[in-house]
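S.K.: Fold the stuff below for me.
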Amino acid sequence: MKAIKRILIANRGEIAVRIIRTIKDMGLSSIVIYSEADRHSPMVKMADFAIPLGGSEPSQTYLNIPAIIEACKRSGADAVHPGYGFLSENAAFARALEENDIVFLGPTAETIASMGNKIEARRIMEAHGVPVVPGNNDLPDDPDSIKSIARSIGYPLLVKARAGGGGRGMRLVEEEKQLLDAIESARREAASAFGDDGVFLEKFVETPRHIEIQVFGDGQGNCIHLFERECSIQRRHQKIIEESPSPALGEAERAAITEAALKAARAVNYRGAGTVEFVYSDSTKSFYFLEMNTRLQVEHPVTETVTGRDLVRDQILVAMDPSHLPDQSEIRLKGHSMEVRLYAEDPANGFLPSVGRIHKFGPPSGVRVDAGVESGSEVSLFYDPMIAKIISSGINRMEAIVNLRQALDETVLFGPKSNLDYLKAILDRPSFRSGDFSTAFIEKEMKDWKPDIDGITLDRARAALAVLYYEGANKRRWQPVHRGAWKADGFQLWQTRA
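M.R.: Numbering: from 1, shown residues only. Sure thing, here's the model as predicted:
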């Protein structure tokens, strides 16, 4: 049993704020590190201790392992929560913490390394009976042999980097004449992005869903699942909207895919919170292992909403004592939850990041809002431009959609351009509302969408008047329609009882 009293958060933005809230709720001490660009951020104001790292480049700050280890020593941190991104799936970081007797709130370095190599991950899953996409793990150098392997897999197929993710080092090949150029292009991109030019071939599953399973392990062979998340609404391999449960799964399909996820977690003796991702075919009800994310996911709030669990709290408790792992029978699925990612980006200009000062950010009430910014914050060019995650709940899927759509109408944002109207348009599409969609949704349904510049200008003017009225009326309180169990104060890590 390991006593944990002080936790350093090796991250920034909304996930740092979200972790701080749980740490405070548990009566523990929170420590943040911060860059020059984040000097005035909410996380710095909220934490019990804040340690400047200097500079603003990620390599100087949130990716600087020696500096973070030194911050742990200076602050007396017992444990580190890596959040997501940055060093959250870096085996060297996890190993360095272990060598300095600091608890890493995540899996072992060995698990991170094995799942970070997609070829190794495929081998492990195949050996433990987890279905994987048909493909080849060992790509030879000889062009004729490569072509022969590709023919045996069948076109269309994907060339994929064995390291990293996010669509980098990935190429779709529809016919043989494209194959060798695609492999060379993927190798170059993978080497640049990940320092590893290894690639492999995999059958392209056309118009699948992307369904992932939240798993949790104690590092001693015991694992549970917390049901699935539907993550098929993606643009350029980046998730935009997530929900739980998936509208595609019946009880039999849910039982099969969650059991496969548990096999995957047990195969690596998983410790902490992780996610097993699958591609899923609506037509055949078949699914295939895609990858395992060895960290807390951006979209974890939808799982918390439908299960009533605080996953960060569970991470901390299980790290203190593995016996704190809940029993599978304790995990119940109730209602529906949906999350959108609000970004500072310009839809009219290829969704490029939109930096600058947030003059006014008014989050909606009645839903959960995870935000790392406030009015007056700066959206920096150094980091991901996420402003907030807005998470609704409902008795069923349609109620969750209606509540989320109303919440987006209530959201006030002046300053950088954002994807707010894009999110509204997605929620309004009949195919989205019906639940009948795949990872091709954005390409098919939103390809011709363009922001209504005149309408947006008028809406902003109306919203500005509403803000002025609201702030000048002694902050009169009003009650929104019921939107589920989360308290209507922006963010609470507990739920009201029905």
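S.K.: Outline the domain layout of the protein.
M.R.: With domains defined by automatic domain parsing, the chain comprises 6-105, 134-203, 209-462.
S.K.: Distance from the first one to the middle of the chain?
M.R.: Its chain's C-alpha centre and that of domain 6-105 lie 18 Å apart, by CA atoms, centre = their mean, to the nearest Å.
S.K.: Please tell me how far the closest residue to T439 other than its chain neighbours sits from K2.
M.R.: Leaving aside its chain neighbours, T439 sits nearest to S232 (5.0 Å; criterion: CB to CB, 6 or more residues apart in numbering). All C-beta atoms are positioned from the backbone trio N, CA, C, and that covers glycine. Distance of S232 to K2, given as CB to CB, to the nearest Å: 39 Å.
S.K.: who's more crowded, these two?
M.R.: Legend: neighbour count by other CB atoms under 10 Å for S232 and K2, higher for S232 (26 against 10).
S.K.: And what about the more buried one, helix, strand or coil?
M.R.: Three-state call for S232 (DSSP: H, G, I helix; E, B strand; the rest coil): strand.
S.K.: Pretty sure it sits against G435.
M.R.: No. Look at S232 against G435 with CB atoms under 8 Å: they stay out of range, at 10.0 Å.
S.K.: Common neighbours of these two, please.
M.R.: Shared contacts of S232 and G435, defined by CB atoms under 8 Å, 6 or more residues apart in numbering, are absent.
S.K.: Just the buried residues of stretch 133-149, please?
M.R.: Across stretch 133-149, burial judged by 16 or more other CB atoms under 10 Å covers V133, G135, N136, N137, L139, I146, I149.
S.K.: Ends of stretch 363-372, what's the gap?
M.R.: Start and end residues of stretch 363-372 are separated by 12 Å (CA to CA, to the nearest Å).
S.K.: Contacts only, for the residue nearest to the spatial centre of the chain.
M.R.: The structure's the chain has its C-alpha centroid closest to V298; by CA atoms, centre = their mean the separation is 2.5 Å. Listed by CB under 8 Å, 6+ apart, the contact set of V298 reads I15, Y84, K239, E242, R341, K389.
S.K.: Please flag which of those sit within helices.
M.R.: Mapping the contacts of V298 onto helices (DSSP state H) picks out I15.
S.K.: Quick check: strands, which of the contacts of V298 are part of them?
M.R.: K239, E242, R341, K389 (DSSP state E).
S.K.: Columns distance to E228 and neighbour count on top of these, output as CSV?
M.R.: Listed next are the ones in strands among the contacts of V298 as CSV, based on distance: CB to CB, whole Å; neighbours: other CB atoms under 10 Å:
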residue, distance to E228, neighbour count
K239, 14, 18
E242, 10, 28
R341, 19, 21
K389, 18, 24
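S.K.: between these, which is nearest V412?
M.R.: Proximity of the ones in strands among the contacts of V298 to V412 (CB to CB) peaks at K389, which lies at 16.4 Å.
S.K.: what's the closest non-adjacent residue to the closest one?
M.R.: Excluding the flanking residues, the one nearest K389 by CB to CB, 6+ apart is D370, at 4.4 Å.
S.K.: Shouldn't that neighbour be within a strand?
M.R.: Yes. Counting by three-state DSSP, D370 is found in a strand.
S.K.: wait, isn't it in contact with V302?
M.R.: No. With contact defined as CB under 8 Å, D370 does not reach V302; the gap is 11.1 Å.
S.K.: the more surrounded of the two?
M.R.: Neighbour totals were compared for D370 and V302, and V302 leads with 29 against 23 (other CB under 10 Å).
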